[in-house]
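Participant: Take a look and give me a structure for this.
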Amino acid sequence: MKMIFLIALSAMIMVACSDKSVPNVELIQDLMDQPSVKAQEYDDFFPDHAGSRVPAENTQPVGFKPYRFAKDIDGAKANKNPLAGDHNPASLMLGQKFFETNCAVCHGFRLGGDGPVSLKWPTKIPALNTEKIRGWTDGQIYHVISVGQGLMGSYASHIPQEYRWQVVNYIRYLQQNGK
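Facilitator: Got it, this is the predicted structure:
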């Protein structure tokens, strides 16, 4: 008798689980219906009613290292490239990926300052294959990527810290090989 009861109970549970038209039985309601707010949603809780919140002051993401030369151009010039001379194909391809995604639209794929944006830009976009830029230290190029210069804004949010040196190496590679 117990066996028949257990089989019948198992069959009923399986049928109940397979029917998607019947809502779930939630023992603890908060697990499935959480009071979370998406970034662009209206939020009654805060006075400005914005769902997206600004991080608390003086906080930074785990693993983030602030760029210490943000206001120190002389320090940036002396900043040493830890990957200098690294022509490892995988490293160059990573630099190429970030360069072509973020930099080539203005500076061109061959560093000539003739990217697609240059046709509509109000001023001439600097070429990166000139003697002036070739004379810059790797630290200066890294600095411009990190904080920007002139009309170019910072690309710190577009190119993560750990990949900026690969972009510098890729620029150096293109400068040396005239490609």
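Participant: Spatially nearest residue to Thr101 (excluding sequence neighbours)?
Facilitator: Nearest residue to Thr101, sequence neighbours excluded (C-beta to C-beta, 6 or more residues apart in numbering): His158, at 7.9 Å. Bear in mind the C-beta positions are built from the backbone N, C-alpha and C, glycine included.
Participant: check contacts around the one you found.
Facilitator: 98, 101-102 (C-beta atoms under 8 Å, 6 or more residues apart in numbering).
Participant: Recalculate using a threshold of 10 Å.
Facilitator: His158 is in contact with 98, 101-103, 145, counting by C-beta atoms under 10 Å, 6 or more residues apart in numbering.
Participant: now swap in Ser36 and tell me
Facilitator: By C-beta under 10 Å, 6+ apart, the contact set of Ser36 is Gly51.
Participant: separation between it and Asp138?
Facilitator: 44 Å (C-beta to C-beta, to the nearest Å).
Participant: And Gly108, by the same measure?
Facilitator: Counting by C-beta to C-beta, the gap from Gly108 to Asp138 is 20 Å.
Participant: burial of the residue nearest to Gln60 when sequence neighbours are not counted, as a residue count?
Facilitator: Excluding its sequence neighbours, the residue lying closest to Gln60 (C-beta to C-beta, 6+ apart) is Pro66, at 6.9 Å. Using other C-beta atoms under 10 Å, Pro66 has 8 other residues around it.
Participant: Give me the pLDDT value at Pro66.
Facilitator: The model reports Pro66 with a pLDDT of 81.
Participant: From Lys2, how far out is it?
Facilitator: With C-beta to C-beta as the criterion, Pro66 and Lys2 are 68 Å apart.
Participant: same deal with Pro122?
Facilitator: Pro122 is 85 Å from Lys2, by C-beta to C-beta.
Participant: Could you do Pro89 as well?
Facilitator: 68 Å.
Participant: Was I right to think Gln175 contacts Gly112?
Facilitator: No: if you go by C-beta atoms under 10 Å, Gln175 and Gly112 don't touch, sitting 11.6 Å apart.
Participant: residues shared between the contacts of the two?
Facilitator: 128-130.
Participant: Any chance of a PyMOL selection covering the buried ones in these?
Facilitator: Buried members of the shared contacts of Gln175 and Gly112, defined by 16 or more other C-beta atoms under 10 Å, are picked up in PyMOL with:
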select buried, resi 128+129
